[in-house]
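**Student:** attaching a predicted model along with its sequence, questions to come.
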Amino acid sequence: MKKLIFSCAVVVALFSNPQFMYGQFGFNSDVGCITNIGESDCISNAVISAMPFLRIAPDARGGSMGDLGIALTPNSNAMHYNASNLVWTEEETAISVTYTPWLRELNLNDIYLAYLTGYKKIDGLQTVGFGLRFFSLGEISFTDNDGVSTGSGKPREFELSGAYARKLSDKLSAGLTAKYVYSNLASGQMAGGLDISSANAFAADFSLTYRSKGKTGGYKSEFAMGLALTNIGSKVSYTNQAVKDFLPANFGLGSALKLELDEFNTVEFGLDINKLMVPTPVASLLSDGTNNPVYDNENGNGTGDGIADFRQKSLFSGVFGSFSDAQGGFSEELKEFSYSLGGEYWYDKQFAVRAGYYYENAIKGDRQFLTLGIGLKYNVFGIDLSYLVPTSNQRNPLDNTLRFGLIFDFASYQTQNAVDE
């Protein structure tokens, strides 16, 4: 099972183009989507990128609220969702670590995602943060097409990031994150006659946060909105091919409303909307079986170099053109947006209950799941737990998996020491 899963990952990484994926499919202009040749039912046309681990929600709090986090009341895990949110944290310094088992339902115990992140307030206006994400795919035994062993390996990926956030006014902040990412899936092996190597890239995030305190329904409240453009960076390749693939650049827009019901009870609700800023895959054929002229458009006749044009776009052409490049037009573009909706209840800032829901259109990945979680805070420590409940036929690597995170608050630690002394 592990070999099968890993093989699928390598295939996606190396051959993420519709000529490979849609060999027997075509674009049907009558229904505005990719279909079986001669059929009218749309098939999946999910947007594909290299290094998709960069878009995995790494923390248990956000993971228990439908992968929500762009505008939530921030903690150190805001590094992943929206680094500009770090300046609004209540604590001066904090560090958190999250462990996420992967495919545990299939009894694979050596695949996991680990996330270490933290921040430090320089003063009332500036905050710096860091993050380290490590994704282990366990140990894999490689074989050739005849089943002969070609060795073994330990596929792994990681991201190292640093952020700077600053308040621009009493209600607005901005953040900039620099990243180095590395991926080694099958270095030293061969696939399709091509030598596989590791891939690495540099990327950046830009984010904004707006926060305003007031009253809602007679209760003290805080409304927040956030904008995050993440993983905008150089294209990568796992082989010596000239054509490279896009990182999972993402457009994220979030809002949240926090209500203080009384001295002990607080609730917060949030909504995130995300869209990958990666070119939409294009079918190599039309529904009548002829070449699709926009797949490999040399002189408009579809007889170019044999490589999909959308894969050869420049970084900025691909990122900014991703909002208007779907063959199915505006209706297909709307299907590429995913939605996270969640809520959180705190009692006395010590015990939290959370729930959320994540939705993705059926032809763009079809991930749909319910999430649940709790949080506990005692003195300097905070613990978050999350659980994912599948609600669609699309399997999720975290189905029925419990993951947890630990937060350490240095400010509370120093205060506690002072009291003890």
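**Tutor:** Sure thing, it's come through.

**Student:** got the contact list for residue 82?
**Tutor:** Neighbour list for residue 82: 69-71, 74, 175, 207, 209, 226-228, 252, 254 [criterion: Cβ atoms under 8 Å, 6 or more residues apart in numbering]. C-beta coordinates here come from the backbone N, C-alpha and C atoms, glycine included.

**Student:** extract the C-alpha trace of stretch 177-184 and format it as PDB.
**Tutor:** C-alpha atoms of stretch 177-184 as PDB (Å, rounded to 0.1, in the frame of the first residue of the first chain):
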ATOM      1  CA  THR A 177       7.600  35.900   4.700                       C
ATOM      2  CA  ALA A 178      10.600  34.400   3.000                       C
ATOM      3  CA  LYS A 179      10.900  30.700   2.400                       C
ATOM      4  CA  TYR A 180      13.300  28.000   1.300                       C
ATOM      5  CA  VAL A 181      11.600  24.700   0.300                       C
ATOM      6  CA  TYR A 182      13.100  21.300  -0.500                       C
ATOM      7  CA  SER A 183      11.600  18.100  -1.800                       C
ATOM      8  CA  ASN A 184      13.300  14.700  -2.200                       C
END
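
**Student:** which of the contacts of residue 82 lies closest to residue 81?
**Tutor:** Residue 81 has its nearest neighbour among the contacts of residue 82 in residue 69, at 3.5 Å by Cβ to Cβ.

**Student:** contacting residues for the spatially closest residue to the closest one that is not a sequence neighbour?
**Tutor:** Leaving out its chain neighbours, the residue that sits closest to residue 69 by Cβ to Cβ, 6 or more residues apart in numbering is residue 81, at 3.5 Å. Residue 81 makes contact with 62, 69-70, 72, 226, 228, 252, 254, 272, according to Cβ under 8 Å, 6+ apart.

**Student:** closest to residue 405 among those residues?
**Tutor:** residue 62 (9.4 Å).

**Student:** hmm, residue 76 and the closest one touching each other?
**Tutor:** No - in this structure, residue 62 is not within contact of residue 76 by Cβ atoms under 8 Å, at 11.9 Å.

**Student:** neighbour count winner among those two?
**Tutor:** residue 62 (31 against 27; other Cβ atoms under 10 Å).

**Student:** that older thread, in strands, which of the contacts of residue 82 appear?
**Tutor:** Among the contacts of residue 82, DSSP state E puts 175, 207, 209, 226-228, 252, 254 in strands.

**Student:** picking that back up, for residue 164, state which of the contacts of residue 81 is nearest.
**Tutor:** Of all those, the one sitting nearest residue 164 is residue 228; the distance, using Cβ to Cβ, is 14.7 Å.
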